[in-house]
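# attaching a predicted model along with its sequence, questions to come.
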Amino acid sequence: MSCFEDQILEYATGNLSEQEADRVRGHIKYCPKCHAYYLGLLKTEAELNAWNVSSSFGDVFDKEIIIACEARLEEKDFLHDILKPSLKYLYLLLGLILFFAVYRFTIFSETAAVSSRLGSSRILLETEAKDLELYLGQRLIGELIENDPDLCTLATLGMALNLPPGETAEHRIASLKYLLKETSAAGRKRFFLFSAVDGVIQATEDVFKPKPAVFPAGKLGKEFLLAAAAMDNREWDKAAGLLAEVMLKPSSAEEAKAAMFRQAFVLDLTGDYAGADRLYAQLPEKYRGSVEALLTPEMKKFSRVRRRSSALVEKEAVRIQQGKENASTFYRIGNERMLHLDLDGAVEAYTRVILKFYGKNKRHSKINLAWCFMMKGDYKSAIDLYGSFKRIDLDHRIYGDFGKSLAYARLGDTDRARESISWEASREFPGAYKTFAENYLAP
């Protein structure tokens, strides 16, 4: 017991000295817990006195009742003392469970987990590798528009999208799978405490998930190849029409699932959200176990980011009309253009940030603008931007070294590519550097 509870019982029954009684009486006056305990004893004593008056069972039985009541009070107080700290641990446990549940369903965590699973999946077909690159492009853009992007993840994803086009499909798929694992590992540096949790969850999923369906490789039809070329040229309306024809009369199951996956992305990109959502819902059911089915939930998440960004740009347009624009205004506009793969619009917005403003948004705009130039094939402009980071900005300068080397490699200047990449870059981005060296710097 705490306070004077052991003496309060004696006080209530009149078994204390006058001095001790005064001390207990003063404590009861100012201690709410002891005061309540004292009132409870008085009530119990009154009830027992009433029982004694009306009892006809004798003193022995009455004394047994008194002992049982006192034991019950002691037991109640003991349980209260035991359960109160236990509840704290229960609340802590429930809080941890809730925290892990929220963590598991964040976009970042789920994307990293999908990247890890894809790294061990059976990616056999050329269309699967191409659809995987489509997902990686969205993954990279999602990282680029973050206020604090993970530069190691950016480097790894950038290398995945810049594998030499002349390599065999088998070699490209092997490189992609290696980079996927590296991307997932790089991303988890932000949440390194949960890597073991992810490992357990994925191991459990591997036990119960169905075996992936293996579709026979078939010859791709003319319309499908034309649609792929239209997507590479960012001719979205043309690609949508051709993919619709392929979906009606596919030449193989491989072509059918790839056409549905790409059509959902094109419709989403051009603002037909209802059509995109319908295809995103149908694909995992129709082609369960395929790479595209695994990627579809992630593509839907990028779709939600795209829609939120469009809503932000509408608000920024009002700010521009009011003459209240700032660096964030044009940075957000650049992000929205990049999310919709409008590279020219993104270049214009990011350039305005770089020319007119300073600070974090300017550094991020340089990174994003350089990526836009790389995607447009303007490697010389990308080299200038990647090389413009000052020595004091070590992180971005290291990332810039890697980007500059990759741009030189795409220009065919192997010597400058080898000279430009620093030992810091090879240390910070080991997976990207290994793939880069194997594909571009090997004799």
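Noted; the coordinates are in hand. Residues are numbered from 1 along each chain as shown.

# got a list of what residue 405 touches?
Contact analysis of residue 405 by Cβ atoms under 8 Å, 6 or more residues apart in numbering lists 416, 417, 418, 420, 421, 425, 436. (C-beta placed from N, C-alpha, C; glycine too.)

# if we use 10 Å, what do you get?
383, 386, 413-414, 416-422, 425-426, 433, 436-437, 440-441 (Cβ atoms under 10 Å, 6 or more residues apart in numbering).

# kindly report the same for residue 370.
Residue 370 makes contact with 158, 350, 378-379, 381-388, 399-400, 403-404, 407 under the criterion Cβ under 10 Å, 6+ apart.

# where in this protein is pLDDT low?
Along the chain, segments meeting pLDDT under 70 span 1-2, 4-5, 46-89, 100-110, 185-218.

# residue 327: what's it in contact with?
Residue 327 neighbours (Cβ under 10 Å, 6+ apart): 352, 353, 354, 356, 357, 358, 359, 360, 361, 362, 364, 365.

# one more: residue 384?
370, 373, 378, 404, 407.

# distance to residue 227 and secondary structure added to these, as CSV?
CSV is the format used below for the contacts of residue 384 (distance: Cβ to Cβ, whole Å; DSSP: H, G, I helix; E, B strand; the rest coil):
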residue, distance to residue 227, secondary structure
370, 29, helix
373, 26, helix
378, 26, coil
404, 34, helix
407, 29, helix
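
# that older thread, restricted to helices, list the contacts of residue 405.
Residues of these located in helices (DSSP state H): 383, 386, 414, 416, 417, 418, 419, 420, 425, 426, 433, 436.

# now, which of those sits nearest residue 293?
Residue 293 lies nearest to residue 436 out of these, by Cβ to Cβ, at 30.9 Å.

# just to check, the closest one is in contact with residue 410?
No - assessed by Cβ atoms under 10 Å, residue 436 is found out of contact with residue 410, at 11.1 Å.

# which one of those two has more residues nearby?
residue 436 (24 against 16; other Cβ atoms under 10 Å).

# neighbours around the residue lying closest to that one once chain neighbours are set aside, how many?
Nearest non-adjacent residue to residue 436, counting by Cβ to Cβ, 6 or more residues apart in numbering: residue 159, 5.7 Å away. Residue 159: 26 surrounding residues under other Cβ under 10 Å.

# who are the packing partners of whichever strand or helix holds residue 159?
Element membership for residue 159 (DSSP states H and E) is helix 151-160. Applying 3 or more Cβ pairs under 10 Å, 6 or more residues apart in numbering; DSSP states H and E, we find helix 151-160 packed against helix 107-119, helix 126-144, helix 169-187, helix 360-376, helix 394-410, helix 423-428, helix 430-436.

# quick one: residue 258 from residue 246, how far?
9 Å (Cβ to Cβ, to the nearest Å).

# between these two, who's got more neighbours?
Here residue 258 and residue 246 are compared on neighbour count by other Cβ under 10 Å; more neighbours surround residue 258, at 30 against 24.

# report the secondary structure element holding that one.
Short version, using DSSP H and E: residue 258 is in helix 253-269.

# and that helix, how far out from the chain's middle?
Centroid separation between helix 253-269 and its chain, computed with Cα atoms, centre = their mean, to the nearest Å, is 25 Å.

# that one: what's the following helix or strand?
Using DSSP H and E, the helix or strand that follows helix 253-269 towards the C-terminus is helix 273-286.

# C-terminal to that next one, what's the next element?
helix 291-321.

# what comes up buried for stretch 128-139?
Within stretch 128-139, the residues scored as buried using 16 or more other Cβ atoms under 10 Å are 128, 129, 130, 131, 132, 134, 135, 136, 137, 138, 139.
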